[in-house]
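Novice: turn this into a structure:
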Amino acid sequence: MPTTDGEELFITSPKVEDRIMPRSFLLERIRNIAIIAHIDAGKTTVTERILYYTGRTYKIGEVDEGTAVMDWMKQERERGITIMAAATTCYWQDHRINIIDTPGHVDFTAEVERSLRVLDGGVVVFDAVAGVEAQSETVWRQADRYNVPRICFINKMDRIGANFSRNLTMIKQRLNAKPLPIQLPLGSEASYQGIIDLVENRAWSFDGNPDSPPLEVAIPESEQARCIKFRRQLIEKLAEIDDQIMEAYLEGSDITASELRLALRRVTLANKGVPILCGSALRNKGIQPLLDAIVSYLPSPLDMPPVRAIDTRVGAEITRPARDDAPFSALAFKAVADPFMGRMVYLRVYSGRVKAGAQIFNSTRDKRERLGRLLLMHANHREEIAEADTGAIVATLGLKNTFTGDTLCHYSQPVLLESIRFPEPVLSVAIEPRTRADQDKMEEAIQKLTEEDPTFKVNYNPETGQTVISGMGELHLEVLVSRLLSEFKVGAKVGKPRVAYKETITMPVQVEGKFIQQTGGHGQYGHVCLELEPVERGSGFQFVDKVKNGAIPKQYIPAVKTGIKEAMETGVLAGYPVVDIKIIIYDGSYHEVDSSDIAFKMAGSIALKKGVIKAKPTLLEPIMKLEVVTPEQFLGDIIADLNSRRGHIQAIETRGEMSIIHSFIPLAEVFNYTTSLRSLTQGRATHSIEFHQYQELPAGLVDQITDKAAGRIG
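Specialist: All right, here's what the predicted structure looks like:
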């Protein structure tokens, strides 16, 4: 289709199929997948082995040595964890696999969120000893939200305490999933040597040498009864959820390996069951069968339902089929400030094709953009391509006004894809530049970081003159500050982390706001009457227009809403944002000459502030979900410590010699908890923590925080 200046832009119509370049890979042979898990389950190690066995790399990178290809950032290599989701492309059995290796730490959950939004399938990695951990549940729920089909890889089967059966039970109970084990471990702990394939009824041994092929071995006699039992259970479970296997099962027919594979694929794509595999990525065991499973059971773009979108011209819902000859549509899911390449935007192409240099339309921001170069990414390395087709995950240069969650499409057929939802930050630090030059550098650096990370928020406090940055946790802020100081060379003083409280109201009120100014010429007149009501926790801000009989002209209502939203940014108790509030504008008045947008904006702001004061405001604090794994002998000390920190014990479970404490605890009480836990348990306990919800702060603590904000206490 030509542009206004005659430039050929997209191939979108079947009539020009003869001009479509042949695809390098058929759509059914593409797999777009994420590797997701709790921190330290071994995601990056699994990805590094996948890259080696697919020939993408010629040397295995190791996380502990700081040589992992996918952990390329300085902060990732220093800490030995994944911070930013990294994309790569590899090839296996004539299939192209686009992989995103995601972080496992809860502070970087936004990276998982945006990756799962644009991917078709997932490999969930579990630690064979720890099983389903706190962040495992979080990433599982995220995958559920986007209906992402999954397979599971139980990693670290060679570790002492590895327990395959317990992992199956935890997947069933804690994730409410239907595990379908298609492999059994051959050996256990130190004697672990490979897998028993229940689909093929064969066993494979791995000697740990990455260059040695898997060796087929006889299934040990001691395992044969177990294999028969698990294979029968696999067929029975499939018969419950797959009609074709049910029919064969009832007829008493022999079910072949190929029929099982097809049934497993159908069940996985329908999210009715989850194939379970096992191995030890660090010891190079079980990776080739995992790659086979990715190809066999995870979806291609053609297997996913056509993406739903809103046609912005008529406001109706439509679909975009995964075809090269369909109109172009793509979602920008990540923006990165690359120090060498400049600003890069990552795209998932859902339909159509687009060439480098083409003009496209950002329907989210109603702006035309021009694509620069198109790049296939391999962590921080790039491969330039001429065009991106349906199903592709690429990075591009040159998009100045495109941000995370924006839809890109053909300007003649504009659509709006579902955007990406991100959690609100819960922790803040104040940061002050040392010099005027640092101020300029800091502003530029903060702009780049906020474009990259939607959970990184910035506010300027005019009373203290401080810039306050907010993030998802201590580690998140630590990494952001480290990047400001080292990557962007900003000289700055950094305060201590503080909790991102929020303000809300506890009772309904009616209030009016007036803004009247008389000057020599035109004055200003705005008058609004509002009802403020508290709403359910987490509901956010609701605005309802119930003005009747033209008491306020319609053109001024958006200005009132804007004034209210701006006033909500700094509440009345301690300057924290106001949330979970419903505002109904039901009356007011205007002046034919003096009324203006600015007057009604000010009236809305004044009414909001007055109303919040009348409605018995209180503070909300972030409550965290804390999971502690400890030897039983330290259980009493840890519970006593949690009680002293206003913690609420939800449950305690026993796993061998270890106890797992599930609890909820205010974020304000968990600063430096790692150090405290180490001293209580001689360094033998571990913990994980994630955001749960906002909840009302006890009245005594509200007074303490408001007094501190007012400067009445130090």
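
Novice: give me the pLDDT value at Glu627.
Specialist: Among the per-residue scores, Glu627 holds a pLDDT of 87.

Novice: before we move on, what about Pro666?
Specialist: Reported pLDDT for Pro666: 92.

Novice: ok, it touching His648?
Specialist: No - if you go by Cβ atoms under 8 Å, Pro666 and His648 don't touch, sitting 9.6 Å apart. C-beta coordinates here come from the backbone N, C-alpha and C atoms, glycine included.

Novice: the two: who's more crowded?
Specialist: Pro666 (19 against 13; other Cβ atoms under 10 Å).

Novice: now the strand ranked longest in the chain, how far from the centre of its chain.
Specialist: Secondary structure of the chain per DSSP state E: the longest strand is strand 618-631. Relative to its chain's centre, strand 618-631 lies at 20 Å (Cα atoms, centre = their mean, to the nearest Å).

Novice: do stretch 486-502 as well
Specialist: Taking mean C-alpha positions (Cα atoms, centre = their mean), stretch 486-502 and its chain are 23 Å apart.

Novice: which of the residues in the longest strand of the chain are buried?
Specialist: Neighbour counts using 16 or more other Cβ atoms under 10 Å place 618-630 of strand 618-631 among the buried residues.

Novice: which neighbouring elements make contact with it?
Specialist: Strand 618-631 sits against strand 502-504, helix 635-644, strand 658-666, helix 673-681, strand 686-696, helix 699-709, with contacts defined as 3 or more Cβ pairs under 8 Å, 6 or more residues apart in numbering; DSSP states H and E.

Novice: what angle do that strand and helix 699-709 make?
Specialist: Strand 618-631 and helix 699-709 are oriented at 110 degrees to each other (axes from the mean of the first three to the mean of the last three Cα atoms, to 10 degrees).

Novice: least confident secondary structure element in the protein?
Specialist: Lowest mean confidence among the helices and strands of the chain (mean pLDDT, DSSP states H and E): helix 74-79, at a mean of 50.

Novice: pLDDT below threshold where in this structure?
Specialist: 1-24, 58-85, 104-108, 339, 379-380, 461-465, 520-521, 710-714 (pLDDT under 70).

Novice: hmm, back to that, pick the most buried one from the helices and strands packed on strand 618-631.
Specialist: Ranked by mean neighbour count, those are led by strand 502-504 with a mean of 23 (mean count of other Cβ atoms under 10 Å).

Novice: quick check, distance from that strand to the centre of its chain.
Specialist: On Cα atoms, centre = their mean, the centre of strand 502-504 falls 25 Å from the chain's centre.

Novice: which SSE is immediately downstream of that strand?
Specialist: Later in the chain than strand 502-504, the nearest helix or strand by DSSP states H and E is strand 509-517.

Novice: who's in contact with that following strand?
Specialist: 523-532, 588, 599-600, 602-608, 610-611, 614-615 (Cβ atoms under 8 Å, 6 or more residues apart in numbering).

Novice: the stretch 201-350 of the chain: helices as residue ranges?
Specialist: 221-241, 243-251, 257-269, 287-297 (DSSP state H, counting those that start in this stretch).

Novice: including mean neighbour count and distance to Gly315, could those helices go into JSON lines?
Specialist: Listed next are the helices of the stretch 201-350 of the chain as JSON lines, based on neighbours: other Cβ atoms under 10 Å; distance: least, Cβ to Cβ, whole Å:
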{"stretch": "helix 221-241", "mean neighbour count": "15", "distance to Gly315": "38"}
{"stretch": "helix 243-251", "mean neighbour count": "14", "distance to Gly315": "39"}
{"stretch": "helix 257-269", "mean neighbour count": "19", "distance to Gly315": "31"}
{"stretch": "helix 287-297", "mean neighbour count": "21", "distance to Gly315": "38"}
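
Novice: who wins for proximity to Glu657 among those?
Specialist: helix 221-241 (25.6 Å; Cβ to Cβ).

Novice: taking the contacts of strand 509-517 one by one, which sit in helices?
Specialist: Mapping those onto helices (DSSP state H) picks out 599-600, 602-608, 610-611, 614.

Novice: so among those residues, which ones count as buried?
Specialist: Buried, going by 16+ other Cβ under 10 Å: 599-600, 602-608, 610-611, out of the ones in helices among the contacts of strand 509-517.

Novice: dump those to a markdown table, plus distance to Gly540.
Specialist: What follows is these, written out as a markdown table (distance: Cβ to Cβ, whole Å):
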| residue | distance to Gly540 |
| --- | --- |
| Ala599 | 27 |
| Phe600 | 23 |
| Met602 | 24 |
| Ala603 | 23 |
| Gly604 | 17 |
| Ser605 | 19 |
| Ile606 | 22 |
| Ala607 | 19 |
| Leu608 | 15 |
| Lys610 | 21 |
| Gly611 | 17 |
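
Novice: so which two of the residues you listed are the farthest from each other?
Specialist: It's Ala599 and Gly611 that sit farthest apart of those, by Cβ to Cβ, at 18.4 Å.

Novice: which one, of the helices of the stretch 201-350 of the chain, ends up nearest to Asn163?
Specialist: helix 221-241 (14.6 Å).

Novice: returning to what we had before: format the helices of the stretch 201-350 of the chain as JSON lines; extra columns: distance to Gly473.
Specialist: Conversion of those to JSON lines gives the following (distance: least, Cβ to Cβ, whole Å):
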{"stretch": "helix 221-241", "distance to Gly473": "39"}
{"stretch": "helix 243-251", "distance to Gly473": "45"}
{"stretch": "helix 257-269", "distance to Gly473": "33"}
{"stretch": "helix 287-297", "distance to Gly473": "31"}
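
Novice: for the helices and strands packed on strand 618-631, which one sits closest to Pro185?
Specialist: The nearest among these, by Cβ to Cβ, is strand 658-666 at 20.8 Å.

Novice: could you say what helices and strands the closest one packs with?
Specialist: Counting contacts by 3+ Cβ pairs under 8 Å, 6+ apart, strand 658-666 is packed against strand 618-631, helix 635-644, strand 648-655.

Novice: strands paired with it, and their directions?
Specialist: strand 618-631 (antiparallel), strand 648-655 (antiparallel) (DSSP bridges).

Novice: so it versus helix 635-644, what angle?
Specialist: Going by the same axes, to 10 degrees, strand 658-666 makes 10 degrees with helix 635-644.

Novice: so how far is strand 658-666 from its chain's centroid?
Specialist: For strand 658-666, the distance to the chain centre is 24 Å (Cα atoms, centre = their mean).

Novice: any residues touching it, and which ones?
Specialist: With Cβ under 8 Å, 6+ apart, strand 658-666 has contacts from 621-632, 635, 638-639, 642, 645-654, 692.

Novice: check stretch 603-616 too.
Specialist: By Cβ under 8 Å, 6+ apart, stretch 603-616 touches 503, 505-509, 511-515, 526-530, 532, 534, 559-564, 566-568, 571-572, 578, 583, 585, 588.

Novice: run the chain-centre distance for that stretch.
Specialist: So, by Cα atoms, centre = their mean, the centroid of stretch 603-616 is 35 Å from its chain's centroid.
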